[in-house]
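S.K.: Predicted model and sequence follow; I will ask about them next.
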Amino acid sequence: MAGVPIVPPGPFDTVEAAFGEGAVGRSLRLRGWVLRARSSGGIAFLVLRDRTGSVQVTAKRDVVGDGPFARVEHVQVEASVRLVGTVAADPRAPGGREVRATALEIVHAGEPFPIFSDQTEEFRLDKRHLVIRSQEHVATFRVKAELLRALREFLERESVLEMTPPVLTGNPAEGGAEAFAIDYFGRPGYLSQTAQLYLEALLFPNERVYALTPSFRAEKSRTPRHLTEYLHLEVELAWVGLADLLDFVERMTVEVSHAVAERRPKELQLLGRPPQELRELEGPFPRLTYRQAIERLRDQGFPVEFGTDLGTAEERALTLEARTPLFVTHFPVGLKAFYMLRSVDDPETVEAADLLAPEGYGEIVGASARETDIDRLLERLRATGAKPEEYEWYLDLRRHGSIPHAGFGLGVERLLRWMLRREHIRETTPFPRTPSRHTP
C-alpha cells in the first residue's frame, strides 16, 4: 500500500543528474525502484535505480521522520519510491556520490522478489518478465536499441528506403518444412520466414529498399544461436552483383560496430565486450569460397565434402581464432534457396555468401545475387517440391523489366550476440521464442 504522500507532484530529476558536474550540494527530486536496501540503527541505505542509472541514497530517521523511516526498513527489492535529497560526495558510495534524503515516500513496498542467483534457467525463463529488470538486461537492450538506430542511420545514408512488408503470407518463401502454417480463414497461410520476395517487388519502383520485421522459423534447433522468432533486417539493391553486395555488408558491419562502441561504451564494458574492440573493427573482411572452406575443415579433421552444409561446429572452427568477420562464398546449388543466381563460371554453385562472426559465433548475414531467369526459377521451385503456380506473382517480376539485383538478410539478435559476447542468443531478446517456449 502506498504511504502518505510526502513528495508532492511536480517535475522530477533523473538519477544521472546526481553524477553531473556541479551536482554536489544540489537538491534533487528522484523516483525509481530499490535495487538493494539495508538499515543500521537510525540510518537506512538504499540503492535507487531509474532508466538512467543507479545511486546510493541514505535516509536518517531524525531527518525523514519516524513513519517514513519505519516503512523504509520493510521495503523489498524492486520497491518503488519517491524522494527529495541533497547530492553529496562520498568515496565509499558507488560512483563516489550519494543522495541524502530529506523526504522519502514509499509508493509500493513490494513483495519478496523471487529472482536471485543460483536458480534454474527454466525458472528464470518462467519469470522472464521480472528477470529483464536486471542491470545486464537493461544494458543489453540499450545496446540493441543503439544497434537498430545505427543500422537505420547507415541505410538512410546509403539512400535505402524502409518498407513495411507483411508477416502473414499465402506461401512459404523458403520451403514449407520450416514455415509456421496457420489457418487463414479456411485457406493455408504462413508466418513470414523472410520479407525478401516482397522487397524484390518493391525494388523495381524504388531501387534500394529494406525492411526490419520479425521472421519465424519452425526449426527444432536447440542451439545457442537459434530462435523461432527473431528480428530480421533485409535489404535489396538494384543493379548490384555479389561482390558489390558484400562490400556493402562489410561497410555496414564496420560502421554500426563503431557507432555502438561510441554511444554505449559503459554498457559494452559491463557485458564483457571492451568497446575498443568494436572501434578497431575494419575491412576488408577475408573471403573464402565454400570449396576452400571445405578444404580447411578437412585439414582440421572434419568429415566434410562438397555438398555438406556448414553447421554450428564447422562455422565455429572457421572463425574461433579470428577477430574479424569472415565471408564464405559460392555455396552448392542444393544448399541454398531457389531464388539465388547460378554462378556462370561454376554451375554447381550459386552467387551466395554467409558472413560469419568472429570468435566462433557463427553466421550473422546470408546474402546472394538473385536469379533473373524464369526457367531456372521454375526448375529450382519444382526441385524443392513447391507449386510454381503459387509463385506467379513473384515470377511476374521477371517478366516486366527484370534487372540484376542482390540482397541480404541479417539476424539482429545474432549480430548482437557476437557484439555482447552472450553465451546464448535468448539473452539478446526480452521474451525469447524457442521450440520449447512461447510464454510469457
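M.R.: The structure has been received and is ready for your questions.

S.K.: gap between the two ends of stretch 158-171?
M.R.: 31 Å (CA to CA, to the nearest Å).

S.K.: Buried residues in it, which are they?
M.R.: Neighbour-count burial for stretch 158-171 flags 160, 163, 165, 167, 169, 171 (criterion: 16 or more other CB atoms under 10 Å). C-betas here are computed from N, CA, C, even on glycine.

S.K.: ok, which stretches of this protein are helices?
M.R.: Secondary structure of the chain, counting by DSSP state H: helices at 61-64, 66-72, 121-126, 128-131, 135-157, 196-206, 242-263, 265-270, 275-279, 290-299, 312-319, 374-383, 392-396, 412-420.

S.K.: Of the ones you listed, which is nearest H232?
M.R.: H232 lies closest to helix 412-420 among the helices of the chain, at 7.2 Å (CB to CB).

S.K.: Let me know the pLDDT of K220.
M.R.: In the predicted model, K220 carries a pLDDT score of 87.

S.K.: go on, the one 4 residues further on?
M.R.: With respect to pLDDT, P224 scores 91.

S.K.: Quick check, it in contact with I425.
M.R.: Yes - using CB atoms under 8 Å, P224 makes contact with I425 at a distance of 6.0 Å.

S.K.: So for those two, which sits in the more crowded spot?
M.R.: Between P224 and I425, counted using other CB atoms under 10 Å, the more crowded position is I425 (22 against 14).

S.K.: Just the buried residues of stretch 29-42, please?
M.R.: For stretch 29-42, by 16+ other CB under 10 Å, it's 29-35, 37, 39.

S.K.: what's the closest non-adjacent residue to L268?
M.R.: P275 (4.6 Å; CB to CB, 6 or more residues apart in numbering).

S.K.: Check the gap between the one you found and V412 for me.
M.R.: For P275, the distance to V412 equals 19 Å [CB to CB, to the nearest Å].

S.K.: same check, this time on R133
M.R.: Distance of R133 to V412, computed by CB to CB: 22 Å.

S.K.: cool, and A383?
M.R.: Noted for A383: a distance of 31 Å to V412, by CB to CB.

S.K.: the more surrounded of the two?
M.R.: Ranked by neighbour count (other CB under 10 Å), A383 and V412 place V412 first, with 19 against 11.

S.K.: What is the burial count for S436?
M.R.: Around S436 there are 10 other residues, counting by other CB under 10 Å.

S.K.: for V77, same thing?
M.R.: Neighbourhood size, V77 [other CB under 10 Å]: 18.

S.K.: That one and F113 touch, don't they?
M.R.: Yes - contact criterion CB under 8 Å: V77 and F113 qualify, at 4.0 Å.

S.K.: got any residues that touch both of these two?
M.R.: Here V77 and F113 have no joint contacts, going by CB atoms under 8 Å, 6 or more residues apart in numbering.

S.K.: Averaged pLDDT, stretch 392-404. What do you get?
M.R.: Summarised as a single mean, pLDDT over stretch 392-404 is 95.

S.K.: do the same with stretch 165-173
M.R.: Here the average pLDDT along stretch 165-173 is 89.

S.K.: same check, this time on stretch 374-389
M.R.: Mean pLDDT, computed over stretch 374-389, is 91.

S.K.: Show me what the strand ranked longest in the chain pairs with in its sheet, parallel or antiparallel.
M.R.: For the chain, the longest strand by residue count, based on DSSP state E, is strand 27-40. Using DSSP bridges, the strands paired with strand 27-40 are strand 43-50 (antiparallel), strand 80-89 (antiparallel).

S.K.: So which bits of the last one are buried?
M.R.: This points to strand 80-89. By 16+ other CB under 10 Å, the buried positions in strand 80-89 come out as 80-88.
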